[in-house]
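Novice: fold the following.
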Amino acid sequence: SFSSTVVEYETHSILHSYVCSEQLWRTCSAVKSANSQQQQLEMSILNLVSKVRSHFVGVSSTVKYDYLIS
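Specialist: Residues are numbered from 1 along each chain as shown. So this is what the prediction gives:
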């Protein structure tokens, strides 16, 4: 029973986090390092990306996309 404004704000925030985490993941992947800290960081980011993606997919099914385009 969210108002549509709250749902839109939440979805925008989730989408923003998703975009940032994807960019961070690509940046990390571009830095090829055998360092185990680097590998742990990549795993953490991959975890974050999949969590955010799952959450976004769950929320997006109930939300209109109009405002994302404007």
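Novice: which residue comes closest to residue 52 once chain neighbours are left out?
Specialist: Of all residues not flanking residue 52 in the chain, residue 18 sits nearest, at 4.7 Å (C-beta to C-beta, 6 or more residues apart in numbering). Heads up, the C-betas are built off the backbone N, CA and C, glycines and all.
Novice: give me the neighbour count for that neighbour.
Specialist: Residue 18: 18 surrounding residues under other C-beta atoms under 10 Å.
Novice: quick one: contacts for it?
Specialist: 49, 52-53, 56 (C-beta atoms under 8 Å, 6 or more residues apart in numbering).
Novice: which strand or helix spans it?
Specialist: Secondary structure assigned from DSSP states H and E places residue 18 in helix 4-30.
Novice: now residue 40
Specialist: Going by DSSP H and E, residue 40 is in helix 36-60.
Novice: in that helix, what counts as buried?
Specialist: 42, 45, 48-49, 52, 56 (16 or more other C-beta atoms under 10 Å).
Novice: equivalent analysis for stretch 14-23, please.
Specialist: 14-15, 17-18, 21.
Novice: need the pLDDT of the residue nearest to residue 46 when sequence neighbours are not counted.
Specialist: Of all residues not flanking residue 46 in the chain, residue 25 sits nearest, at 6.6 Å (C-beta to C-beta, 6+ apart). You'll see residue 25 listed with a pLDDT of 75.
Novice: still on that earlier bit, will you turn the contacts of residue 18 into a markdown table that also has pLDDT and distance to residue 10?
Specialist: Converted to a markdown table, the contacts of residue 18 look like this (pLDDT from 0 to 100; distance: C-beta to C-beta, whole Å):
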| residue | pLDDT | distance to residue 10 |
| --- | --- | --- |
| 49 | 80 | 18 |
| 52 | 78 | 12 |
| 53 | 76 | 15 |
| 56 | 71 | 10 |
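Novice: that concludes my questions; thank you for your assistance.
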